[in-house]
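In: when you get a sec, could you give me coordinates for this:
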Amino acid sequence: MKKLDLDVIKLEAAASKLRAIAHPMRIAIIDLLHENQKQSVTEIYKKLNIEQASASHHLNILKNKGVLTSKRDGKKIYYSLKNQTLTEIIECINRCNEE
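Out: Okay, here's the model as predicted:
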C-alpha cells in the first residue's frame, strides 16, 4: 500500500475551505456560480431569494477563504468561483447521500 504524503499546511487550507462551504446557503451560492460563471451581489440575492446583507455576508466568507474571486465593474462587484474543484466535492457529497 502506498503511503500518503500529507502536507499539514495544505490540509489546514483544505479544512478551512471545507468549513467555509459547510453551510446550505454557501453551497447554493457555489452552485449558482457554477451554473452562471459570474454574478453580481444583486443577481445572487434575488435568485436565491435572500436578503442582500445575508448574501454579502456569505460571499465575504467564501471570498476570504479563497473559494470565490471578485471583480469590480463600476458600482457592481461580480463574483465567480476561483476554481471548479469545490463543485466536484459538493457533487461527490450529493452522490454519497443518494439512496
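In: mind listing the strands for the chain?
Out: Along the chain, counting by DSSP state E, strands occupy 38-40, 68-73, 76-81.
In: buried residues in the last one, which are they?
Out: So that's strand 76-81. Under the neighbour-count criterion of 16 or more other C-beta atoms under 10 Å, strand 76-81 has Tyr78, Tyr79, Leu81 buried. Every C-beta, even on glycine, is put in place using the N, C-alpha and C of the backbone.
In: just stretch 7-22 next, same as before
Out: Lys17, Ala20, Ile21.
In: where helices are concerned, which of the residues you listed count?
Out: Lys17, Ala20, Ile21 (DSSP state H).
In: redo the residues you listed as CSV? Include pLDDT and distance to Gln39.
Out: Converted to CSV, those look like this (pLDDT from 0 to 100; distance: C-beta to C-beta, whole Å):
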residue, pLDDT, distance to Gln39
Lys17, 86, 20
Ala20, 89, 18
Ile21, 87, 17
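In: name the residues that touch stretch 8-25?
Out: For stretch 8-25, the surrounding residues in contact (C-beta atoms under 8 Å, 6 or more residues apart in numbering) are 26-27, 30, 48, 50, 54, 58, 61-62, 64-67, 86, 89-90.
In: let's see it at 6 Å
Out: His58, Ile61, Leu62, Lys65, Val67, Leu86 (C-beta atoms under 6 Å, 6 or more residues apart in numbering).
In: and the helices in this protein?
Out: Going by DSSP H, the chain shows helices at 8-21, 24-36, 41-48, 52-64, 85-96.
In: from Leu62, how far out is the residue nearest to Ala55 when sequence neighbours are not counted?
Out: Nearest in space to Ala55, with sequence neighbours left out and distances taken as C-beta to C-beta, 6 or more residues apart in numbering, is Tyr45 at 3.8 Å. When distance is defined by C-beta to C-beta, to the nearest Å, Tyr45 is 14 Å away from Leu62.
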